[in-house]
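S.K.: Have a look at this fold, sequence not included:
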Ligand SMILES: C[S@@+](CC[C@H](N)C(=O)[O-])C[C@H]1O[C@@H](n2cnc3c(N)ncnc32)[C@H](O)[C@@H]1O
């Protein structure tokens, strides 16, 4: 019962308060003593968010009048259905732990709806349904095949991608890990407990989606030159840059996330200077040879692992992110040496945060030009877009398990 209560608090934090599931989880599960219960609460909330429109369609099929979208009874039913249909809980256990959450409320209604659905053998559709507003927006921006690919991609958590410290040892690590490499320095494995995999203790690799590894690849080999990793924590790209031979300054405003970056450096034996700073007012003492700006964004590109973004990244938030991104990119442009490169990346599927920011930057910064990637920098199945940018959409490299949504642009300063 307590874990269901915690799951309810978590769903409320995401759906009503617009918080990220990961950020809300520690507080929502704080009262639970057992780790199992904490995991169960997060799993229930995560599964509800993964298939929310499908649970709602089932609930609506069993009620004469649709329950209000934000009614507690609807959320409790979503949770009971997620437990039965996705997490393998027997129906009687799912409903008997759900009903006490409605003390003093419409328990009979919940029992009736759940009973009807169980008796009728309710199942989830093979392909999940995306929230309407997101499907409409992505259909308008990218077309129906991308919406269909995104829906298919949310059905299950994605595979585990690792970035290797020693790119030259890719084949050996792919063999040791029982995985497949889609690019030098990358191995894709089945999902597993990360700490149990060979090479974790020695810091031979770190977890990073293949699309997220592209921005640092576009920075090339550092050969001891100075690079700024702006908005760097928890450091996936800092590690990559350090492994590629850059002398890295990693700046982020979140101290706790920078502490994770330092842990990651310690585990991998790589080095970088970690600096707490706000990209909107921090400034370096001297210009850099290259800058990577992995800007804060709506994060809609990581919807496969964080389906809560689909319910939080509303258009005003996307517009606000785009303003911050443009401001950060403009500041970073002033810190590049002549001839240096500036890579801009966001894990967003919104053109307002990607193509539009990059195009506006080029218009206002005539000293910069797009430098398209080489095909060797990209996995088979991802090609540079017409303008020379990289746009990774749902459906890209779908066969080996897909990739997160990303936008990446490389600019060279004249
Ligand atoms: C997309 S994440 C970075 C991921 C990171 N580059 C990596 O590869 O692990 C964006 C980061 O921007 C940071 N951030 C947000 N606003 C910031 C600001 N105004 N100044 C500096 N960092 C900021 C967040 O703390 C977050 O760590």
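M.R.: Received it, and whenever you're ready, just let me know what you need. Because the structure is a prediction, the values reported are computed rather than measured.
S.K.: mind listing the helices for the stretch 251-400 of the chain?
M.R.: 255-268, 309-312, 315-333, 355-364 (DSSP state H, counting those that start in this stretch).
S.K.: Return the set of buried residues in the last one.
M.R.: The one in question is helix 355-364. 355, 357-358, 361 (16 or more other Cβ atoms under 10 Å). Placement of C-beta: from N, CA and C, glycine included.
S.K.: Go through the helices of the stretch 251-400 of the chain and pick out the most buried.
M.R.: Of all the helices of the stretch 251-400 of the chain, helix 309-312 has the most neighbours on average by mean count of other Cβ atoms under 10 Å, namely a mean of 21.
S.K.: Against which helices or strands is that helix packed?
M.R.: On a contact count with 3 or more Cβ pairs under 8 Å, 6 or more residues apart in numbering; DSSP states H and E, helix 309-312 meets helix 2-15.
S.K.: please redo it, this time with the cut-off set to 10 Å
M.R.: Counting by 3 or more Cβ pairs under 10 Å, 6 or more residues apart in numbering; DSSP states H and E, the packing neighbours recorded for helix 309-312 are helix 2-15, helix 21-28, helix 35-50, helix 52-61, helix 132-142.
S.K.: Around the ligand, which positions in the stretch 51-200 of the chain sit nearby?
M.R.: By Cβ under 6 Å from any ligand atom, no residue of the stretch 51-200 of the chain approaches the ligand.
S.K.: now the strands for the stretch 51-200 of the chain?
M.R.: With DSSP state E, counting those that start in this stretch, the ranges of strands along the stretch 51-200 of the chain come out as 160-164, 186-189.
S.K.: Pipe those into CSV and attach mean neighbour count per row.
M.R.: CSV is the format used below for these (neighbours: other Cβ atoms under 10 Å):
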stretch, mean neighbour count
strand 160-164, 23
strand 186-189, 23
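S.K.: how about those strands in JSON lines, adding mean pLDDT?
M.R.: Output for these, formatted as JSON lines (pLDDT from 0 to 100):
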{"stretch": "strand 160-164", "mean pLDDT": "98"}
{"stretch": "strand 186-189", "mean pLDDT": "97"}
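S.K.: now the ones you listed as TSV including distance to residue 351?
M.R.: Below are the strands of the stretch 51-200 of the chain laid out as TSV (distance: least, Cβ to Cβ, whole Å):
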stretch	distance to residue 351
strand 160-164	25
strand 186-189	27
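S.K.: I'd like to know which of those strands lies nearest to residue 266.
M.R.: strand 160-164 (16.9 Å; Cβ to Cβ).
S.K.: Format the helices of the stretch 251-400 of the chain as CSV; extra columns: distance to the ligand and mean pLDDT.
M.R.: Formatted as CSV, these follow (distance: least, Cβ to the nearest ligand atom, whole Å; pLDDT from 0 to 100):
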stretch, distance to the ligand, mean pLDDT
helix 255-268, 5, 96
helix 309-312, 12, 96
helix 315-333, 7, 98
helix 355-364, 14, 98
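S.K.: nearest to residue 152, of those?
M.R.: When these are compared (using Cβ to Cβ), the closest one is helix 309-312, at 14.6 Å.
S.K.: Apart from its neighbours in sequence, what residue is nearest residue 182?
M.R.: residue 379 (4.4 Å; Cβ to Cβ, 6 or more residues apart in numbering).
S.K.: Distance-wise, check that neighbour relative to residue 145.
M.R.: Counting by Cβ to Cβ, to the nearest Å, the gap from residue 379 to residue 145 is 19 Å.
S.K.: list the contacts for residue 127?
M.R.: 54, 148, 151-155 (Cβ atoms under 10 Å, 6 or more residues apart in numbering).
S.K.: could you redo the last one with a cut-off of 7 Å?
M.R.: With contact taken as Cβ atoms under 7 Å, 6 or more residues apart in numbering, residue 127 is in contact with 151-152, 155.
S.K.: Quick check: pLDDT value at it.
M.R.: In this prediction, residue 127 carries a pLDDT score of 95.
S.K.: Whichever residue of the stretch 301-414 of the chain sits closest to the ligand: neighbour count?
M.R.: For the stretch 301-414 of the chain and the ligand, the shortest gap (Cβ to the nearest ligand atom) falls at residue 347, measuring 6.1 Å. A count of neighbours around residue 347, defined by other Cβ atoms under 10 Å, yields 28.
S.K.: hang on, the earlier thing: for residue 119, which of the helices of the stretch 251-400 of the chain is the nearest?
M.R.: Closest among the helices of the stretch 251-400 of the chain, using Cβ to Cβ: helix 309-312, at 30.2 Å.
S.K.: Other residues contacting the closest one?
M.R.: For helix 309-312, using Cβ under 7 Å, 6+ apart, the contacting residues are 14-15, 18, 20, 49, 130-131, 134, 298-300, 302-303.
S.K.: Check stretch 84-102 too.
M.R.: By Cβ under 7 Å, 6+ apart, stretch 84-102 touches 1, 4-5, 8, 43-44, 47, 51, 72-73, 76, 79-80, 83, 107, 110-111, 114, 118, 123-124.
S.K.: Count residues in the vicinity of residue 144, would you?
M.R.: 10.
S.K.: and it, how far is that from residue 130?
M.R.: 12 Å.
S.K.: now residue 302
M.R.: 15 Å.
S.K.: Next: residue 112.
M.R.: For residue 112 relative to residue 130 (Cβ to Cβ), the value is 29 Å.
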